[in-house]
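**Student:** Predicted structure and sequence below. I'll ask about it afterward.
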Amino acid sequence: MAAPAEVQSDFLLPNHEGPWTLKDVLALPEDHSQRIELVDGMLLVSPLGSYRHQRLVGKVFVALDRACPAQFEATVELNVSLSTGRLLIPDFTVVKPCDADITFPVSNLVLAGEVLSKSTRMNDLVLKRHVYAEAAVPYYLIVDPSKKVVEATLLELNEEGEYVEIARSEAGVLTFDRPFPVTIELPS
């Protein structure tokens, strides 16, 4: 019989009673090995993305950054604070700049984007899509590297508060006109 494996970590979440709050999450020690988000008192903890994941995030960010008109900025891994006490960290964003500090107000978010991975796929496709829509984020960009050719889909929030597809990549290239014109070449 094998002995149980020892868990080794430089950082473990402290014992905590009841739902987590934004204040609780922001008081945690900084940990560069994982991402900690908060939805309705529950922590969403995921490891940082693989090399391929981070490469895709970088390529999308650079394309968005180069195409951004002066009134917008592209960012990566921004702490987005939602009025409901939720905290999400999109892989990349387009924002209307403001004087934010540790958290960025969701009201200034123009586009939130996620690169799907095995550990975040369901949260990105279902939970975060719902939370971003509920918070009235105008655009949601999803990049899916699980296919032979990377696919990307841009969704726009409609008047009913639901996301609808307005652009889909073809042969690894995503082109759209809203919220501003951009072409993103997705690496394999």
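**Tutor:** Great, that's in hand.

**Student:** Quick one: the helices in this structure, in order.
**Tutor:** 22-26, 51-67, 121-122, 128-134 (DSSP state H).

**Student:** what's the first one in contact with?
**Tutor:** The list of residues contacting helix 22-26 from outside it, by CB atoms under 8 Å, 6 or more residues apart in numbering, reads 16, 36, 38, 43, 81, 85-87, 102-103. Backbone N, C-alpha and C define where each C-beta goes, glycine included.

**Student:** and it, how far out from the chain's middle?
**Tutor:** Here helix 22-26 is found 18 Å from its chain centre; the criterion is CA atoms, centre = their mean, to the nearest Å.

**Student:** Buried residues in it, which are they?
**Tutor:** For helix 22-26, burial by neighbour count (16 or more other CB atoms under 10 Å) applies to 22, 25.

**Student:** re the thing from before, among the helices of the chain, which is nearest R168?
**Tutor:** In terms of CB to CB, the element of these nearest to R168 is helix 51-67, at 14.8 Å.

**Student:** Confirm for me that I166 is in contact with E156.
**Tutor:** Yes: here I166 reaches E156: they are 4.6 Å apart, a contact under CB atoms under 8 Å.

**Student:** Compare these two (neighbour count), which wins?
**Tutor:** E156 (17 against 14; other CB atoms under 10 Å).

**Student:** give the contact list for that one.
**Tutor:** Going by CB under 8 Å, 6+ apart, E156 touches 138-139, 163-164, 166, 178.

**Student:** cutoff 6 Å now
**Tutor:** Residues near E156 by CB atoms under 6 Å, 6 or more residues apart in numbering: 139, 166.

**Student:** circling back: for the helices of the chain, which has the smallest mean pLDDT value?
**Tutor:** Mean pLDDT is lowest for helix 22-26 out of the helices of the chain, coming in at a mean of 84.
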